[in-house]
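Undergrad: Provided below are the primary sequence and the corresponding predicted coordinates.
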Amino acid sequence: MNKSSYLLVFAALIVGIAFNSFFIVDEKEKAIVFQFGEAVRTDIDVGFSFKLPIIQEVKKYDARIQTLDEAPDRILTVESKYLLVDSFIKYKVSDVLTFYKANNGSFNSLNSLLGQRSEFVLKNQFGKRTVKEVVSGERDELMNTMLNQLNDSVVDLGVEIIDFRVKRIDLPSNLSNSVYERMRTERNRLAEELRSEGKEIAREIRAIADKDKVVILAEAYKKSELLRGEGDAEATAIYANAYSVDPEFYEFTRSLKAYTETFKSKSDVMLIDSESEFFKYLNKQTQPK
């Protein structure tokens with residue numbers, strides 16, 4: 001091997017060592033620098049970083065939110081009745097070194113531990129509640145309690161639980177019928193109470209309306225009688241005034257009105273003495289001057 005070959009090998013070695021001296025961490029990852037199998041650096045920023053070539057190596061782990069969705073668990077309630085509870089967990093790596101030490105960097109191992117601890121939390125919380133409380137109770141309060149309890153139990157795993165939620169609860173057929181029947185009975189009882197309250201309110205409204213109606217009609221009748229009395233009095237005054245001005249003419253017009261009202265229909269027949277006062281103006285003859 002000549003001198004230029006040695007130089008070429010040396011240059012290649014230098015380039016290899018240079019490339020082995022830096023690494024890149026993107027925003028979706030967390031990294032640990034190991035030296036002879038021991039973790040020496042964990043606080044590594046996103047972007048370019050340097051390490052000692054050959055003697056140090058870098059391991060990267062996914063820092064994005066992960067989802068664990070296992071098969072439904074068979075959970076016992078405080079009534080000693082079984083439920084099939086289907087839940088899921090959203091989590092992410094918060095402390096990469098603790099995560100590595102607890103699971104040797106294996107997400108499969110981590111998921112297995114999370115499954116066991118989530119099942120314990122479910123059994124603990126559902127074991128304090130009845131079927132009715134679980135199915136139709138304060139679901140948000142239950143979810144928050146389970147989330148906090150699970151977060152406290154995974155501190156040693158180096159992860160943070162973002163969400164822990166029950167997405168479905170199945171009841172055995174014999175249990176579901178009795179639960180739904182009790183729920184139906186309760187809803188019917190509540191509906192009857194609301195109907196009774198509505199009827200009572202309706203009766204009160206009708207009673208008030210009837211009272212107001214009587215008062216309004218009485219006031220209207222009173223006002224109409226006053227107006228009628230005033231009208232009659234005014235009419236009487238007008239008649240009296242007219243009579244005092246020309247009694248003969250007033251009596252004549254009154255007689256004409258009586259004739260009109262009496263003989264309104266052609267079929268009407270009236271038997272009366274021709275000398276009666278009723279025909280006073282008909283029998284009266286005008287004397288020639």
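TA: Yes, it's here.

Undergrad: What is the neighbour count of the closest residue to Asp26 other than its chain neighbours?
TA: Ranked by CB to CB, 6 or more residues apart in numbering and with sequence neighbours excluded, the top spatial neighbour of Asp26 is Val46, at 6.4 Å. C-betas here are computed from N, CA, C, even on glycine. Neighbours of Val46 under the rule other CB atoms under 10 Å: 14.

Undergrad: Next: Gly127.
TA: 12.

Undergrad: do you know how far it is from Met146?
TA: 12 Å (CB to CB, to the nearest Å).

Undergrad: Repeat that for Leu68.
TA: Taking CB to CB, one finds Leu68 at 14 Å from Met146.

Undergrad: Comparing those two, which residue is more hemmed in?
TA: Shown here are Leu68 and Met146; by other CB under 10 Å, Met146 has more neighbours (21 against 18).

Undergrad: coming back round to it: check contacts around the residue nearest to Asp26.
TA: 25-27 (CB atoms under 8 Å, 6 or more residues apart in numbering).

Undergrad: count of neighbours near the closest residue to Ser153 other than its chain neighbours?
TA: Of all residues not flanking Ser153 in the chain, Arg117 sits nearest, at 4.9 Å (CB to CB, 6+ apart). For Arg117, the neighbour count with other CB under 10 Å is 18.

Undergrad: Now Arg117: which helix or strand?
TA: helix 107-126 (DSSP states H and E).

Undergrad: Assign a three-state SS to Ala71, would you?
TA: Assigned by DSSP: H, G, I helix; E, B strand; the rest coil, the conformation of Ala71 is coil.

Undergrad: Count residues in the vicinity of it, would you?
TA: With other CB under 10 Å as criterion, Ala71 counts 8.

Undergrad: Check Asp212 too.
TA: For Asp212, using other CB under 10 Å, the count is 10.

Undergrad: That one sits in which helix or strand?
TA: Counting by DSSP H and E, Asp212 is found in helix 173-245.

Undergrad: One more: Ile89?
TA: Using DSSP H and E, Ile89 falls in strand 82-93.

Undergrad: likewise Ala102?
TA: Assessed by DSSP H and E, Ala102 sits inside helix 96-103.

Undergrad: The protein - how does it break down into domains?
TA: If you go by automatic domain parsing, the domain ranges for the chain are 3-62, 66-171, 246-283.

Undergrad: is it true that Lys128 touches Leu76?
TA: No. Lys128 sits out of contact with Leu76 when judged by CB atoms under 8 Å, with a separation of 11.0 Å.

Undergrad: partners of Val159 in the sheet?
TA: Val93 (DSSP bridges).

Undergrad: now it: how far from Lys60?
TA: The gap separating Val159 from Lys60 is 16 Å, by CB to CB.

Undergrad: Same drill for the two, tell me which one is more crowded.
TA: Taking other CB under 10 Å, Val159 and Lys60 do not tie; Val159 has more neighbours (25 against 17).
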